[in-house]
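**Student:** need coordinates for the below:
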Amino acid sequence: MSKVDRLKEEIGWLKVAFGVAVAIDASLVAWLAQNYATAKSIVIIAAVIAAVVIAVAVVFINRRAFRRIEELEDV
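**Tutor:** Residues are numbered from 1 along each chain as shown. Have a look, this model is predicted:
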């Protein structure tokens, strides 16, 4: 497999991971917005921590994908 094909495949997988992470993060934030008044505080704290961790993962995946795209341009 050539380097170009490998980079394209990795970018494809990063797109999938990015989409899944964004969907999960958006769902968590929407759940928090709807249930913050009725949910137990421990569940809200866990959901906020999870939302922040997933948001950081989204940023990490995005940066990694852009680095791979730049590598693809250099090849």
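
**Student:** where does the prediction get shaky in the chain?
**Tutor:** Along the chain, no part satisfies pLDDT under 70.

**Student:** where along the chain do the strands fall?
**Tutor:** Remark: no strands are assigned in the chain by DSSP state E.

**Student:** where do the helices sit along it?
**Tutor:** For the chain, helices defined by DSSP state H occupy the ranges 3-35, 41-74.

**Student:** now do the buried residues in the longest one.
**Tutor:** Residues of helix 41-74 classed as buried by neighbour count (16 or more other Cβ atoms under 10 Å): Ile44, Ala47, Ala51, Ile54, Ala57, Val58, Ile61, Ala65, Arg68. All C-beta spots, glycine's among them, are computed from the backbone N, C-alpha and C.

**Student:** and the two most separated of those residues?
**Tutor:** Greatest spatial distance among the buried residues of helix 41-74 (Cβ to Cβ): Ile44 and Arg68, at 36.1 Å.

**Student:** about what we covered before: mind putting the buried residues of helix 41-74 into CSV with distance to Ala23?
**Tutor:** CSV is the format used below for the buried residues of helix 41-74 (distance: Cβ to Cβ, whole Å):
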residue, distance to Ala23
Ile44, 21
Ala47, 15
Ala51, 13
Ile54, 10
Ala57, 12
Val58, 10
Ile61, 13
Ala65, 16
Arg68, 21
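
**Student:** which one of these is nearest to Ile11?
**Tutor:** Arg68 (5.2 Å).

**Student:** and that closest one, how close does it get to Ser41?
**Tutor:** Noted for Arg68: a distance of 41 Å to Ser41, by Cβ to Cβ, to the nearest Å.
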